Structure formats: C-alpha cells, structure tokens
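# Predicted model and sequence follow; I will ask about them next.
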2 protein chains.
Amino acid sequence: MAKQKKQPRPKAQTPKGFRDYRGAEVTRRDEMLASIKRIYHLYGFDALETSAVETVEALGKFLPDVDRPNEGVFAWEEDEGWLALRYDLTAPLARVAAQYRQELPQPYRRFQVGPVWRNEKPGPGRFRQFYQCDADTVGSASMAADAEICAMLCDVLEAVGIARGDYVVRINNRKVLNGVMDVAGIGGPEHEAERGIVLRAIDKLDRLGEDGVRALLGEGRRDESGDFTKGAGLSASSSDAVLSFVGARCETNASTLDRLGDLVADSATGCAGVAELREIADLVDAQGYGADRIVIDPSVVRGLGYYTGPVYEAELTFEVTDEKGQPRQFGSVAGGGRYDDLVKRFTGQEVPATGVSVGVDRLLAALAARNADVAEADGPVIVTVMDRSAMDEYQKIASDLRRAGIRAEVYLGNPKNFGNQLKYADKRRAPLAIIQGEDERARGVVQIKDLVLGARLAEEVSHEEWRAQPAQVECPRDRLVEEIEARLR
Amino acid sequence: MAKQKKQPRPKAQTPKGFRDYRGAEVTRRDEMLASIKRIYHLYGFDALETSAVETVEALGKFLPDVDRPNEGVFAWEEDEGWLALRYDLTAPLARVAAQYRQELPQPYRRFQVGPVWRNEKPGPGRFRQFYQCDADTVGSASMAADAEICAMLCDVLEAVGIARGDYVVRINNRKVLNGVMDVAGIGGPEHEAERGIVLRAIDKLDRLGEDGVRALLGEGRRDESGDFTKGAGLSASSSDAVLSFVGARCETNASTLDRLGDLVADSATGCAGVAELREIADLVDAQGYGADRIVIDPSVVRGLGYYTGPVYEAELTFEVTDEKGQPRQFGSVAGGGRYDDLVKRFTGQEVPATGVSVGVDRLLAALAARNADVAEADGPVIVTVMDRSAMDEYQKIASDLRRAGIRAEVYLGNPKNFGNQLKYADKRRAPLAIIQGEDERARGVVQIKDLVLGARLAEEVSHEEWRAQPAQVECPRDRLVEEIEARLR
C-alpha cells in the first residue's frame, strides 16, 4: 500500500450526489425491504445477490465506443479490463441467467434487493446510489407469470402498510399499443422515431392534458416559454385513434377489454395483446384480486423502450401534503413488464421474461409523508451515571433491561456534567432515563424520568413547575424491569 | 449514453474475485445479519448506512502518491476528484463522526452492516467483496464501553446459534504488551520495527509453537523450505519476558491479572493496561459474563497496528470436519479493540473509540460445516400444470397456500413434459408437489406428492416399487391447505 504523506487534513464529506442514512432512516428501510422480500419468497422467488461490481462488457448498454465508458455508470480500468458498478438489477440478472443456464431451474424465478449506482447529475432527492427491489421470472412465456407479479405487487404494497383502496395496479400491453400504431399508420420499422414521440407524448398525459398530447401527436407543441417540441406528424384521424386508445378505460375491466378489442380489430398484434390482457384479468380475478386493486388501463405506457408485452405499474392513490402545504398524489411506486431480449445478448437465444421493480425510496417517502406528525421516542432507555464508581451497577441495570428485550445503554461519555447526560438522552430520542445516586443506591431504589412526558410538560408549563419534575418517579431497584416494561407499553 | 456497437457476444461472467450468492446462501446470511443487528440495536447502537463510494481523500490510508491510487482499493477519477469503494466500515465511520460532529450525540454509538471491497489478489475462499458487521462507540474513554462490547459479542454469538461453551471471547490490552516491550528493552520509538516483528511473531504462536516464536524473537527462523525470516534480535532474557507474557493465562481471570501485574511491574504503561483489564473483568462479571465466556488472554494480539488499549477476539471452540475429513477448529470469528486516531485525521482532535467487527462469512461457514448433514427442502410447494386450460385453478391453489403463509408457486415453464415439472421441483428443493388433472378436478381432489419421502424411497427401493408412488396421497381440494400445513409441520 502507498505510504501516507504529510498533507492538509482531508475534508469529511460524502462525494457529490451521495448521502448517509442514519438511525430510523436505515431501520425503516430495512423493515420495508424485509416485508417485500418475505412476500417475494412466499411467491416462490429465490434470493439472488450479485456483487456490486460487474464487467462493463457484461453490463452492456454502456459499452465503450469512447475512450472511457463511464457515461451513466461508474467505471474504471483494471488489468483484466473495465469494471463498473451495476446501474440496475436487471443487467446482472441477465448475466446470471446466461452464466448458470445449465444448472438453474427453468423457469428461473429470482428476487434481488440492493443498491445500484448511476453516474448522473445529482439533484434534489436524486442520488447517485439508491435501492432497487426486483422480482423477475426468466424463461416463462405464460401470462400466468405476469398475472402473478401483479397480484404479488398488491400483496407487497399491503405488506408494507399501504391499505387496500390506497393503491391501484394498472396494466396495459405494448402489443395493444403497437396495434394502435398499426391502425394509425406508423406500424412499420421506418416509423420508429414517430412511435417514440407517441410513447413519450402519452406518458405526459397527466401533465399536458389531452390538448397538449394531441399537439405532440400532430405537428408539435409550443410551451409557455415559447419553446417548440416537434410532434409525431400524425393525421387528425390517427391522433384520434391514439387518443381513443389512451382514454379507453371503462368502468369494468371487461368493458375496457371489449373497447380495446374494437380499437385494434384490424391489427393482429393488437388483438393478440388484448387476448393477453384478458388472460391476465381472468387469472388475477380467479385469485380474488378484483378491479378495486388491478385494472386494465390503456394510459399506462412505461417510458422504457424494451418492453414487448404486458406492462404494469402500481400507483398510490391517497393525497399527501407536500413541503409547500399543497396536496399532491405520490403516483407510481413500482412498475415493470415483459421483455424478451434479456439473455439473448449473451447466448443468442431469446428468453421470455417478466418482472417488477419496487421503488423503495418513494414508498418510504410516501409513508413518511402520511405519518409526518408521528414523532417517535425510538431511542434506548438511558441509564445515567451519577457515581462513576458504581459503573458495574449501572451496567447491570442495562443488562437486566436488555435481557427483558428492552433497548438500553449506560451513558458512556464523561459523566461529570449531568445536564450533558440528559441532553444526550434527548438527542437519542430516549423514552426514559434512569437515575441512581449514592443515596438511591443505599435505599435500593432508582429514579425513572419520563423524557417524552417531561418534554411535553416543559412546553406547557413554566420553568419552575418543570423543575418540580412531575415526570419523574421513584421505583424499587428490584422492580425496575417490570416498571420500565409497563411504561414502554 | 454511448450507442452500442455490433460486436461479438459478451461473456457472461462475474469479474475475477467476485461471486454470486443464490437462494439459501443469501437468506441464511440475511437472517444472521438480522440477528446481529437486533442485538446491536438492543445495546443502544444506532444504525448507519453510508454509501459504498467515498472520496479517496476521506478514505485515507491509500492516498495517492502514485498516479493511480488503486493499491488495495477500487478507485477511479471523476471530474470532482478520485472516488473509491470503501475497504472497511471504520473509515466511513471516521468520516461520519467528523462530518456531523455538531449534531451527533456524544458518544456516538453506531452499527453498520454491509459489503466492503478490496482490490487484492483473490484466492480460494478469498473474495474481493465481502460483508462486515461492525459496532463502535466513538467518543468514550470509559472501559465500560469495551466491557459492553465484549458482553455484546457473547450475546451476538448466542443469537446466531453458537451455544454457550462453543465460543470464548478473549481480551488483552496493547498497553500491557507495550509494558512488556518496555521491560524487554524495545519500548522506545527507535524500536518500532522490532515491535512489529514481535507482534507478528506472537500472532503465529498457534502455527509455529513456542520454539518457532522464540526463534523469531531472537536472530530469526529458517522454515522447512530453507527460507530465512529475520528476527527481532531480542536477548534470551527479553525473549523470555515476551514469552512469559504470552503464556501468562492462568486458571482464573484474577490470577492471570495478578501474574500480568508482576510481569509489567516496572512499566507504568503496563500497569495502566493491567488496571484497564481488571476494570473490564469486573464489569463483565457484574453483568453475569463469567470466565466460561470472557477470559483475559495475553496471547491475543490482533495483527493491526492501530490499537491503543484493550483488544478482543471471539473464537469458536468446537471442531468441525474439513473437506479432507480432518477435524479442525474455526478460530477467530470476530475481533476489535480500542483506537484513538479515528477522527483526528479530519479534525485534529483525538477522539477515543472502541469497536468490534463480526466476520459474518466465517460464522456462516462454521455453522454450515457443523450442520453439513442437514439437507433442507427449503423450496416452495410446486403446483404442477396438467391441464393448461385450468391455469386459473392452479393459481388459485397457490394463492390459497400463500394466504396460509405457505411458500408456493405454479410451474410456469412449458407444461407439455410432466417429467420436466418434477425435475424443476427437485432443482428447487420443493418439499411437495401438487398434481391435479382433468379427472381429479372433476372429482374435487388433488394429488400431493411428497418429494422428500419420494427421494428417500427412490434411493432405498427398486424402480418398480418407487413407481407405485407410496409418497403420493389424494386429498379433497377443499382440505388442501390443512393437509399441506400438516405435512410441512
């Protein structure tokens, strides 16, 4: 290893676009991931953990035609070639499905949870490392695989605390969309650019409304700033066809499917897509997932280009209040679909696959926004140190509490200033502090200070009354554990 | 993003020194980490999750005095400077303790669990990404902090399934060792090199025995291959002093402490070290951790140079049988100690700290070696597909089982060849398969095939008898869930 030179002190800083997570931020995400993994596992998916580092070659997509292949990814060169941090969990799945194809069960159903890295410009709430939480079935062409993932998505959301009625899983099918493109006269390979514009236009329906989308489907659209976005150049009737498709959602899944069938009646691809949707709707229905949870919704397109069949998306439907006090909806928290080129890059064989990715950070934000008013005293019980020579007794108290499953610790800083100990307890959001001086020890008692009640009293009453410490009680040492248990209940 | 060029197919391979973890490998580690985190949390430690990427500057140790600072770490240059993957969890803790020192509670007690990366030559069982699982108290000089971590280490080992009596936590103190060095005449700053040789020699006691260590303490040692390792050049009496120290462990902690006190009576540092050990022994004893679990053992040195006080190590004491059928001990699975330079690099202020790192992969290997004969049928119940048109009914069966908490899935591959479905169930290590053909459906029953019993029968009985399928029973469809529950119990 290189020897360290004498030089100025290093800056104690996370790299740009990265952040640290502390305390409840970590444990809440941990709990959420555990709930999701439990459901994935229950559905028969097997855990996979690939390393963070892959060869640039295996990751693909970002292959070097520039000197340094780091656009979008963090990459570096080693003696054996270029390595990179994974940018999603799908590319490593593709590599695994190809690498172990002789020994893996077919179909291969795996879930994977972990951070991914993007070398992109960070922004507010946009970080260069974030979690993904995926489940995919590789090697099954059956619509049952897609139906199952939609049902599972409902179970996942309910498992992490989103009540039924507060979310909806919306399904569409790229084949139906392609059928509509056929009908609108932009089905051929020479119209790829136009189809891209149409996809992006539909994706903006929420923001631009029908008129805005219609402009983008036609000649183009000039926004408030005066900027002009070129449109797909569709005729008025073709635009109508696309817009009827997007707005084809009816009261029931059955009538939506009938209407879609009419719209793409002239396209074989479109009809195949409608049949697939019908199969999915029947399968989820048989398992008890009705239209209150899973709906056919033609306005779902999913931005990415690589989907080849069903696409699905989970949306939270409740409103939260944002930082500016405005009500807003959270929108999509999970999505996925069917794609067929996964393993082909490696083996040349087409392997049908379908999978979902849950946006854990968005889900956490949604739950946090809804429970913003709940402040928790989630810290440990703090055993304060009045008498340094009684450290063994204080440790014994903490140890007794832990044995009863109560989170506890002895104050380990310099005990000279008692005020610092209480400040520490506050910073740790401790629910209770335990105090035992020489006098209390002689009498075989301890003082229990209720810090939550104390804080409330401190706000409501005068300093003098507060000093009377109404939130503090005395308790015999040998009844301490029971007393603390009762107070934390 | 760079456009992908037409080129030969990429290799589906993990980079050299990296590996994938699948199925039970992942879930067993997950469970172990969850148990350890639960204990850390119970002891009042707060979760921390830093990003995998740090600035090379903040990581330190590997600072660039060469063009490319990648010795030992994976590092690369971005516009804003050199970044690197963390090589342990202590360096990021140092950065965090300095970066947030105004807002963090003091002392700061944190745990962190996650992968770290080393750019080293991989070898058998040595990978370039592996897990660490640390707990540290930063900002406390109290021996209570060290005592607590030793007690916690016992709880951690018991929580992950190591029985009391199958492990021991051994404690030593670098100050005592330094006292011995004083007594041996190599205490001054000019003897740093000799002290390094002495440390490394003691660390090899297990392997080389007392004679080998004595040779390394003196002129040097020639091994079987004829290679010569230069020794520390101690006189015979100085070597004696070091070896008496190393072998000073007695029947009880109290007598070990007395003997150590005698050995370093002439060194103030040594005496301070013995007093610290005495304090730790008293504290853990008061909490009920006796010498059956925590022992003072002067032969513990811990290789790393940066420890300044107590050092501790957890060792598994049971024997396992290795791949060659030889009994062997697992040895150390966790270790740590006190170090004071942690935050100083950033702030200039010395901050006392102590902490432990648990070797999760070694612990998993130990438990796996001991339970090697237990083969688990940990896969899902597989609902086979006899009749493609009844997919909704098969999905309903899986769904009913999941609702009862039973891991289950429908076979989603091509159902044409029924043998492939059973092969799939075997690969998944499924305990049971469910079979329902048209006939069974008409009669309202299902077949339940016990794959574990079936495999055993297949080994023990002839093919003909096996074909009689004694491991298969029929069950009414509406009693399926109860029947499966009973069979999995």
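That came through, no problem.
# Every contact and neighbour count from this point should use C-alpha atoms.
Will do.
# got the contact list for the residue nearest to the spatial centre of chain A?
Most central in chain A under C-alpha atoms, centre = their mean is residue A:360, positioned 1.4 Å from the mean C-alpha point. Contact analysis of residue A:360 by C-alpha atoms under 8 Å, 6 or more residues apart in numbering or on different chains lists A:29, A:32, A:33, A:131, A:132, A:133, A:333.
# The fourth one belongs to a strand?
Spelled out, that is residue A:131. Yes: counting by DSSP: H, G, I helix; E, B strand; the rest coil, one finds residue A:131 located in a strand.
# Show me where the stretch 251-400 of chain A dips below the pLDDT cut-off.
For the stretch 251-400 of chain A, the stretches with pLDDT under 70 are A:303-305, A:372-375.
# mind running it again at 80?
The model of the stretch 251-400 of chain A has pLDDT under 80 over residues A:302-306, A:320-330, A:341-342, A:370-377.
# Would you map the strands across it?
Taking DSSP state E, counting those that start in this stretch as the criterion, the stretch 251-400 of chain A carries its strands at A:294-296, A:310-321, A:327-339, A:353-358, A:381-383.
# Provide the strand pairings for the fourth one, with the direction of each partner.
Translated: strand A:353-358. strand A:129-138 (antiparallel), strand A:327-339 (antiparallel) (DSSP bridges).
# can you pull the buried residues of the longest one?
I take that to be strand A:327-339. Neighbour-count burial for strand A:327-339, counted by 16 or more other C-alpha atoms under 10 Å in any protein chain shown, picks out A:330, A:331, A:332, A:333, A:334, A:335, A:336, A:337, A:338, A:339.
# For chain B, state which of the residues you listed is nearest.
Of all the buried residues of strand A:327-339, residue A:338 has the smallest distance to chain B: 14.2 Å, by C-alpha to the nearest C-alpha.
# For the residue nearest to that closest one when sequence neighbours are not counted, give its distance to residue A:241.
Leaving out its chain neighbours, the residue that sits closest to residue A:338 by C-alpha to C-alpha, 6 or more residues apart in numbering or on different chains is residue A:354, at 4.1 Å. For residue A:354, the distance to residue A:241 equals 28 Å [C-alpha to C-alpha, to the nearest Å].
# Compare those two and say which is more crowded by neighbours.
Under the criterion of other C-alpha atoms under 10 Å in any protein chain shown, the comparison of residue A:354 against residue A:241 puts residue A:354 first, with 28 against 17.
# Who is that one paired with across the strands?
residue A:137, residue A:338.
# Which of the three states applies to residue A:170?
Residue A:170 ends up strand, using three-state DSSP.
# Against residue B:137, how distant is it?
Relative to residue B:137, and taking C-alpha to C-alpha, residue A:170 is found at 48 Å.
# Ok, residue A:489 next?
From residue A:489 to residue B:137 the distance is 28 Å (C-alpha to C-alpha).
# of the two, who's got more company?
residue B:137 (24 against 5).
# In contact with the closest residue to residue A:85 other than its chain neighbours, which residues?
In space, residue A:85 comes closest to residue A:53 once its chain neighbours are excluded; the distance is 4.7 Å by C-alpha to C-alpha, 6+ apart. The contact partners of residue A:53, taken as C-alpha under 8 Å, 6+ apart, are A:83, A:84, A:85, A:86, B:15, B:18.
# Kindly indicate which of the residues you listed lies nearest residue B:183.
residue B:18 (46.6 Å; C-alpha to C-alpha).
# you'd agree the closest one is up against residue B:124?
No: contact status for residue B:18 versus residue B:124: not in contact, 11.5 Å apart, counting by C-alpha atoms under 8 Å.
# Looking at those two now, which is surrounded by more residues?
residue B:18 (19 against 6).
# so where does the more buried one fall, helix or strand?
Remark: residue B:18 resides in no helix or strand, with elements defined by DSSP states H and E.
# And it, how far from residue B:277?
Counting by C-alpha to C-alpha, the gap from residue B:18 to residue B:277 is 41 Å.
# buried sites along stretch A:311-320?
Along stretch A:311-320, these residues count as buried under the neighbour rule (16+ other C-alpha under 10 Å): A:311, A:312, A:313, A:314, A:315, A:316, A:318, A:319, A:320.
# Repeat that for stretch A:149-167.
Going by neighbour count (16+ other C-alpha under 10 Å), the buried part of stretch A:149-167 is A:149-160, A:162, A:166-167.
# Repeat that for stretch A:402-422.
Buried residues in stretch A:402-422, counted by 16+ other C-alpha under 10 Å: A:402, A:406, A:407, A:408, A:409, A:410, A:411, A:412, A:413, A:414, A:421, A:422.
# residues from the stretch 151-300 of chain A in reach of chain B?
A:282, A:283, A:286, A:287 (C-alpha under 8 Å from any C-alpha of the partner chain).
# Please apply the same query to the stretch 301-450 of chain A.
Residues of the stretch 301-450 of chain A lying near chain B (C-alpha under 8 Å from any C-alpha): A:345-348, A:379-380, A:391-393, A:395-396, A:399, A:402, A:405-409, A:412-414, A:424, A:427-428.
# Which of those residues fall within helices?
Of those, the ones assigned to helices by DSSP state H are A:345, A:346, A:347, A:391, A:392, A:393, A:395, A:396, A:399, A:402, A:424, A:427.
# Which two among those residues are spaced furthest apart?
A:347 and A:393 (66.4 Å).
# For the helix or strand containing residue A:200, C-alpha coordinates in CSV please.
According to DSSP H and E, residue A:200 maps onto helix A:192-203. Extracted as CSV, the C-alpha positions of helix A:192-203 are listed here (Å, rounded to 0.1, in the frame of the first residue of the first chain):
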residue,chain,number,x,y,z
GLU,A,192,-39.6,4.0,-35.1
ALA,A,193,-38.9,7.7,-34.4
GLU,A,194,-42.6,8.6,-34.6
ARG,A,195,-43.5,5.8,-32.3
GLY,A,196,-41.0,7.1,-29.8
ILE,A,197,-42.6,10.5,-29.9
VAL,A,198,-46.1,9.0,-29.5
LEU,A,199,-44.9,6.9,-26.4
ARG,A,200,-43.4,10.0,-24.8
ALA,A,201,-46.5,12.1,-25.6
ILE,A,202,-48.8,9.6,-23.9
ASP,A,203,-46.5,9.4,-20.9
